[in-house]
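In: Quick check, what structure comes out for this input:
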Amino acid sequence: MNVSFLATRTVPRWFWPVLLGLSFLVHLPFFGLPPKGAHSWRQCNTMAVARNLYEEDMNPLRPRVDRRGASDGVTGMQFPAYEWVVAAAYKVLGFHESIPRVVSWLIFAAGLVAFFALARLLSGSAWAAAVGTWALAWSPELFYHGINALPDVLALAASIGGLYFFLRWYHTGGGFGSYALALLLTTLAGLTKLQYLAIGAPIAVLILRDLGLRRLTLARLPLLGLFAAVAVAVPLAWYARAVRLIKESGLADFGLELRPADSISTALRILRENLTSDLPELLVGFPGFVLLLLGLAALVRGGYARRFWFLPLLGWAAVLLAYHLIELSQMDVHQYYMLPYLPVLMLVVALGAAWLQRQKRGALWLALLLGLQPVAAAVRVIPSRWGGGPREIPAELYYADSRQALETAVPNDALCLVGPDISGCKYFYFLHKKGFGFGATEDLWNAKPDGSTLLDSAVRAGTRYLYTNDSTALHNEKVRAYLGREIKRVGEFRVLELKQRAASETDASETVPALTQNRNRPAAMPGL
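Out: As a prediction, this is how the structure comes out:
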């Protein structure tokens, strides 16, 4: 490779077929898997919302969860754009657990195309853009979540596309279509996950710089004001409504709050692990980490401060750092919260690759590092997250035959009490049930502030069946008074009737929480 190749505006015809074809083939064996592996709870919650849109109501303004008590399940969450697309696919193709994975991969692929366009616009080099896109595709964390039911993949792709189309309109004189796409995608990114509005940082820095240099024409100010107002106000309005719905429903499956570290020592520990483990191992992969370090060194010594993109990207990185500290508690185990960093990191990786290929035998070393990236991603992710049998899911729920036996034990439209499941969503999703959940067995009989118990409240609300894989609960005398006949036993799981008459024997002064008043139920889904 020579320096002139860095300035090329095109890539070889084989690049996209090789990149997307290889990604699809490596992912192909896992498209049919049910939720499993790291953060399977988030996958289950997302797929449950999509299934409820499909079965109950396609209105995205009223997303519904499974752990709903006797209510209709409507609660607050991020805007369910991804879930709605999956539900629409269910309407056309029927319910298949491969559909969310295929939808995610298509969004992932679109995000790669958007990143290539953004990197080429910033660098002027298709070669640099291709290297950054290749590195992005094989980020182990994105490689994993690229076929998971995770709205963050949509938010990431939309944010990259939004920034690209904005720069195309603002910096290169693109038409109104570019402006409209930028506004739509940026707003969608913020609606889907609020943290992806961080792409507003490079936009704001660019505009402020041009104002200071008197490069900005007054004719553009109204459109820029409209862009800022819509892209920020619409997501904020949605999340304000979501917080209100959570409070009104009492259904807090989706947390919408800030989570900083609770102490300095905890903060330092998390930051150390983020830098020494999460960054090299999961975000960029070890081969990409070498290029990242080279890119950082090139930034320090390469005189890039005068490039038009330097200050905007610096502002972008600063806002992402502030976000990281504000949500530091989440960064302990929720690495997918760091996906917004990938565009910035991969731009630096591309810079490191550009420096390396100029060195003696640099092209050979670069080819080796880029070739190792797919291998590193596959080795890191496949055995630990997709390999073998059930991971973070009980075997009885993971395997199709036992799952079917448990699901069909009672009607899907019957209220059920399900647990112990600390996630509040895994058991419900795999069992295809709605109702009351408990995270720990003692939650069944421990008194609540009003003096009632969860078990009594559930029975009073019309709950007819108990699903549990904790036999110790069945020997507790407070629980046994409610138990009827055993309907099904599959492995450690038991399905039992709950006696409605037990509720009448309790103190009549105990009241059912407001959560149980709405008894609208979805119709049972045929064929599952």
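
In: make it CA atoms for all contacts and neighbour counts henceforth
Out: Will do.

In: where along the stretch 101-250 of the chain do the helices fall?
Out: Using DSSP state H, counting those that start in this stretch, the helices found in the stretch 101-250 of the chain span residues 126-137, 140-145, 151-170, 176-192, 200-212, 221-249.

In: I meant to write the stretch 401-528 of the chain there.
Out: 426-431, 454-460, 477-480, 501-504.

In: Distance to residue 218, mean pLDDT and mean neighbour count added to the ones you listed, as CSV?
Out: Output for those, formatted as CSV (distance: least, Cα to Cα, whole Å; pLDDT from 0 to 100; neighbours: other Cα atoms under 10 Å):
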stretch, distance to residue 218, mean pLDDT, mean neighbour count
helix 426-431, 54, 97, 24
helix 454-460, 62, 92, 23
helix 477-480, 72, 88, 14
helix 501-504, 71, 45, 14
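
In: sorry, back to before: okay, the helices of the stretch 101-250 of the chain in TSV with mean neighbour count, distance to residue 342 and mean pLDDT next?
Out: TSV is the format used below for the helices of the stretch 101-250 of the chain (neighbours: other Cα atoms under 10 Å; distance: least, Cα to Cα, whole Å; pLDDT from 0 to 100):
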stretch	mean neighbour count	distance to residue 342	mean pLDDT
helix 126-137	26	7	96
helix 140-145	24	9	97
helix 151-170	25	9	97
helix 176-192	23	15	97
helix 200-212	17	15	92
helix 221-249	16	21	95
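
In: how about the CA coordinates for stretch 451-465, as CSV?
Out: What follows is stretch 451-465, C-alpha atoms only, in CSV (Å, rounded to 0.1, in the frame of the first residue of the first chain):
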residue,chain,number,x,y,z
GLY,A,451,-49.8,-5.9,55.7
SER,A,452,-50.7,-8.0,52.7
THR,A,453,-48.5,-10.5,51.0
LEU,A,454,-47.7,-10.9,47.3
LEU,A,455,-49.3,-14.4,47.3
ASP,A,456,-52.5,-13.1,48.8
SER,A,457,-52.7,-10.1,46.5
ALA,A,458,-52.1,-12.2,43.4
VAL,A,459,-54.8,-14.7,44.4
ARG,A,460,-57.2,-11.9,45.2
ALA,A,461,-56.6,-10.4,41.7
GLY,A,462,-57.6,-13.7,40.1
THR,A,463,-54.2,-15.5,39.7
ARG,A,464,-55.0,-19.1,39.0
TYR,A,465,-51.6,-20.9,38.7
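
In: ok, back up a step: with respect to residue 91, which of the helices of the stretch 401-528 of the chain lies nearest?
Out: helix 426-431 (18.5 Å; Cα to Cα).

In: same for the closest one, what does it pack against?
Out: The contact analysis (3 or more Cα pairs under 8 Å, 6 or more residues apart in numbering; DSSP states H and E) places helix 426-431 against helix 40-55, helix 395-398, helix 400-407, strand 415-419.

In: Those: which one's closest to residue 334?
Out: Here helix 40-55 is closest among the helices and strands packed on helix 426-431 (Cα to Cα), at 10.4 Å.

In: helix or strand right after that closest one?
Out: helix 81-93 (DSSP states H and E).

In: That following helix packs against which elements?
Out: helix 40-55, helix 98-123, helix 151-170.

In: Save those helices as TSV, and put in distance to residue 265 too.
Out: Below are the helices and strands packed on helix 81-93 laid out as TSV (distance: least, Cα to Cα, whole Å):
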stretch	distance to residue 265
helix 40-55	28
helix 98-123	36
helix 151-170	29
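
In: Just tell me which of those ends up closest to residue 380.
Out: helix 40-55 (17.1 Å).

In: Tell me which residues are up against the closest one.
Out: With Cα atoms under 8 Å, 6 or more residues apart in numbering as the test, helix 40-55 has contacts from 35, 59-60, 63-66, 83-84, 86-88, 90-91, 100, 148-151, 392-393, 423, 425-426, 429, 522-523, 525.

In: Just the buried ones out of the residues you listed, please.
Out: Among the contacts of helix 40-55, those classed as buried by 16 or more other Cα atoms under 10 Å are 35, 63-66, 83-84, 86-88, 90, 100, 148-151, 392-393, 423, 425-426, 429, 522.

In: still on that earlier bit, okay, the helices of the stretch 401-528 of the chain in TSV with distance to residue 193 next?
Out: Putting these into TSV (distance: least, Cα to Cα, whole Å) gives the following:
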stretch	distance to residue 193
helix 426-431	22
helix 454-460	33
helix 477-480	41
helix 501-504	42
